[in-house]
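[1] structure of the sequence below:
(chains A and B)
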Amino acid sequence: MKLSLGPILYFWPREQVFDFYRQVADWPVDTVYLGEVVCSKRNALKLDDWLQIAEELEAAGKEVVLSTLALVEAESELKRMRRIAENGRFMVEANDMAAVNAVAGKVPFVAGPHLNAYNHETLTLLHELGAKRWVMPVELSQETLQQIMTVSSDELETEVFGFGRVPLAFSARCFIARAEGLPKDNCQLRCMDYSDGMLLKSQDEKQFLAMNGVQTQSATSASLLGEVSQLREMGVEMLRLSPQSQDMDKVVGLFAEALDDIKTNGERDEFLAALAMGELSNGFWHGKAGMARVEN
Amino acid sequence: MNKKVELVCPAGSFPALRQAVDNGADTVYMGFRDATNARNFPGLNFDERAARQGIDYAHSRGSKVLLALNTYPQPHNWSLWTQAVDKAAEIGVDALILADTGLMRYASNMYPDLRLHLSVQGSATSGDAINFYREQFNIQRVVLPRVLSLSQVKRVINDTDVEVEVFAFGSLCVMVEGRCYLSSYVTGESPNTCGACSPAKAVRWEETPAGRNVHLGDVLIDRYGENESAGYPVICKGRFLVNDKLDYAIEEPTSLSVLDILPQLVESGISAIKVEGRQRSPAYVGQVTKVLRQALDAAESNPAGYTPRNDWVAQLDKVAEGSTHTLGALDRQWQ
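    Numbers count the residues shown, from 1 in each chain, chains lettered A, B, ... in the order given. The predicted structure is shown next:
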């Protein structure tokens, strides 16, 4: 099983992004997903910047994939998506059906986590259209994945979301602009102030969600660190680690160690808990509420 | 001259279907009594006999019947969904409302003459996405997610030959439909997997000195004071703390209503407007259908002279969530 680094879901300053990927070049990840998936207003980096980062990572031996916007509303967003789809150099992760339409039958692609692929029939179609890999929707369980993999083509690689705050929803509305009392059309890019999302707590002061602009994430960080050997036995080809602003090198290191040792241990879990944003969760994988934590 | 815009109304039961048809719905939509549709609530929806009865009633009065199979089958329950497609084709529904790509493939292969609509749960928000479904499955209509502004709706209509249906009234999903896992994050069940958002079995009320608490699973969704009226606890309409400020951080309890812009919607070239609420009472369905029938007729016959009548607004607000309404994403300010 290989490790991938998912796209940065937050809005980090331009220099921080460049700096982050300079470090990634030396990390033990095989694949790196690049690009803006959440909000098209965050354009500190243009497509040419992303392509430059992609070149550098490829030179460092990484497979690079360009991810498309999950929620496409404006014509300008469609145009940007098409330019990514037609980049002619790097593979594309299609995150909505407009993007699938742009790459289908033309170039191999990754069917991203924001497409709703819940069964083998859907995957068969995506595979026929050129999907080389698919990323399981985060709410599906190990049991469902096992059933899907049993009947799906062996040629279609499976990737699972293995670490990070979980993308739970998208909206037309920006929740950070709303909290700051600003209209979305004049949001002043306040999401820049929340490098791992803006915490939303219940009235009993418990961390519940992390608002990331138009995206809603879990406050917990999902972790399948304890499930690495199970994932490998199932034949899952790739485990996705979703970037957080601090200590991501150490997070990647823990997963890489777990892959080397095959078996994980409680000590490693404790290290991860200390590094992760919020508490750890793995409920979706175990067929329970996503926020739940099931001990292995 | 545009074709007449269709008024599509919800039927969670046979009495509701009758209310819709009798009050002027051109079309009603229903679901079977299981997880194959996104309003899978106890006591709701149609078994085969009731569905046949409903279709007879509607057809004999000139109304059409759509069947929503708008959740996402998984391998262990795949055959429940395909059997539902088979049954729908057999009992003679006028179209299927589908969300899942795999199921759409099944339906278009097995019943090439059966009309397919792409559900709002399919989350197609652009001409490019809609045309994908057109090319693959020859869909005839799309129900647009409630995330587009009016100008974006117009753009979509220009970019596709597929008929466009938009929501006109009812409870408002703030999140893009079909891509929201908030409910399963807290309860293990979501609209996509189980056809239920915020399932009743996960709701728990609790009287405390601080107020009346409502929990969904292990999460405190809201706390009501003595004189506050409590709504059904969905996560997106709860009150939470953000930067130490207590507020409806996601959305207030409110309903979508397009009464204010109905002529512009008609003018834009939409094919149908839809009322949400299969989980609501027959009285709700009757009331809302009646008002929207009058409003739509007025907007079509005299768009320049159209203004929403005060009694329409009052009647709709009476049955609206939070007794208030919004244009939602159709209005940029809301976003």
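[2] which SSE is whichever residue of the stretch 51-200 of chain A sits closest to chain B in?
    Residue nearest to chain B within the stretch 51-200 of chain A: residue A:121 (2.8 Å; CB to the nearest CB). C-beta coordinates here come from the backbone N, C-alpha and C atoms, glycine included. Secondary structure from DSSP states H and E places residue A:121 in helix A:120-128.
[3] is the strand or helix carrying residue A:169 anywhere near chain B?
    Following DSSP H and E, one finds residue A:169 within strand A:157-170. Yes: applying CB under 8 Å from any CB of the partner chain, one finds that strand A:157-170 is in contact with chain B at A:166, A:168-170.
[4] where does pLDDT dip in the chain?
    In the absence of a named chain, this looks at chain A. Residue ranges of chain A with pLDDT under 70: A:262-265.
[5] chain B is the one I meant
    Counting by pLDDT under 70, the ranges of chain B that qualify are B:1-2.
[6] centroid-nearest residue for it?
    residue B:276 (4.1 Å; CA atoms, centre = their mean).
[7] could you identify the helix or strand that succeeds the strand holding residue A:169?
    For strand A:157-170, the following helix or strand on the C-terminal side (DSSP H and E) is helix A:175-179.
[8] just to revisit the earlier point, got the residues of strand A:157-170 next to chain B as JSON lines, with neighbour count columns?
    Shown next, in JSON lines, are the residues of strand A:157-170 next to chain B (neighbours: other CB atoms under 10 Å in any protein chain shown):
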{"residue": "A:166", "neighbour count": "26"}
{"residue": "A:168", "neighbour count": "26"}
{"residue": "A:169", "neighbour count": "23"}
{"residue": "A:170", "neighbour count": "27"}
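[9] now do the helices in the stretch 151-296 of chain A.
    Remark: helices assigned in the stretch 151-296 of chain A by DSSP state H, counting those that start in this stretch are A:175-179, A:228-234, A:248-261, A:266-275.
[10] so which of those is nearest residue A:146?
    Between residue A:146 and these, the tightest spacing by CB to CB is seen for helix A:228-234, at 6.1 Å.
[11] quick one, what contacts the closest residue in space to residue A:185 that isn't next to it in sequence?
    Spatial nearest neighbour of residue A:185, excluding adjacent residues (CB to CB, 6 or more residues apart in numbering or on different chains): residue B:332 at 6.1 Å. Contact partners of residue B:332, counting by CB atoms under 8 Å, 6 or more residues apart in numbering or on different chains, are A:183-185, B:149.
[12] which helices and strands does the following helix or strand past the helix holding residue A:121 pack with?
    Tracing the chain past helix A:120-128, the next element assigned as helix or strand by DSSP H and E is strand A:131-135. For strand A:131-135, the packing partners by 3 or more CB pairs under 8 Å, 6 or more residues apart in numbering or on different chains; DSSP states H and E come out as strand A:109-111, helix A:120-128, strand A:157-170.
[13] count the neighbours of residue 112 for me.
    No chain was given, so I picked chain A. Residue A:112 sits with 28 neighbouring residues when counted by other CB atoms under 10 Å in any protein chain shown.
[14] that's the other chain; I wanted chain B
    Neighbour count of residue B:112, defined by other CB under 10 Å: 10.
[15] torsion angles phi and psi at it?
    The phi/psi pair for residue B:112 (degrees, to the nearest 10) reads phi -60, psi -20.
[16] and it, how far from chain A?
    Using CB to the nearest CB, to the nearest Å, residue B:112 is found at 16 Å from chain A.
[17] excluding sequence neighbours, find me the nearest residue to that residue.
    Among residues not flanking residue B:112 along the chain, residue B:138 sits closest, at 7.9 Å (CB to CB, 6+ apart).
[18] dump the residue contacts of the one you found.
    B:108, B:112, B:116.
[19] may I have the beta-bridge partners of the last one?
    Beta bridges link residue B:116 to residue B:96 when assigned by DSSP bridges.
[20] check contacts around it.
    Residue B:116 is in contact with B:95-96, B:98, B:104, B:107-108, B:137-140, counting by CB under 8 Å, 6+ apart.
[21] out of those residues, who's the most crowded?
    Taking other CB under 10 Å as the neighbour criterion, residue B:98 ranks highest of the contacts of residue B:116 with 29 neighbours.
[22] which non-adjacent residue is nearest it?
    residue B:104 (4.9 Å).
[23] can you verify my assumption that that neighbour contacts residue B:135?
    No: between residue B:104 and residue B:135 there is no contact under CB atoms under 8 Å: 11.9 Å.
[24] give me the three-state assignment for the closest residue to chain A within the stretch 101-250 of chain B.
    As assessed by CB to the nearest CB, chain A sits closest to residue B:102 within the stretch 101-250 of chain B, at 2.8 Å. Under DSSP: H, G, I helix; E, B strand; the rest coil, the three-state class of residue B:102 is helix.
[25] before we move on, the earlier item: pull out the buried residues from the strand holding residue A:169.
    Neighbour-count burial for strand A:157-170 flags A:157-170 (criterion: 16 or more other CB atoms under 10 Å in any protein chain shown).
[26] next: stretch B:25-37.
    B:25-37.
[27] among the residues you listed, name the ones in helices.
    Taking DSSP state H, every one of the buried residues of stretch B:25-37 sits outside helices.
[28] does residue A:103 touch residue A:110 like I think?
    No: if you go by CB under 8 Å, residue A:103 and residue A:110 don't touch, sitting 9.6 Å apart.
[29] please identify which of these two sits among more neighbours.
    Under the neighbour definition other CB under 10 Å, residue A:103 and residue A:110 were set side by side, and residue A:110 has more, 27 against 24.
[30] would you agree the more buried one is in contact with residue A:64?
    No: counting by CB under 8 Å, residue A:110 stays clear of residue A:64, with 11.3 Å between them.
[31] what residues does the stretch 201-335 of chain B have near chain A?
    For the stretch 201-335 of chain B, the residues in contact with chain A (CB under 8 Å from any CB) are B:217-223, B:238-243, B:245-247, B:249-251, B:329, B:332-335.
[32] how about a cut-off of 10 Å?
    For the stretch 201-335 of chain B, the residues in contact with chain A (CB under 10 Å from any CB of the partner chain) are B:202, B:210-211, B:213, B:215-223, B:235-236, B:238-251, B:328-330, B:332-335.
[33] that'll do, ta.
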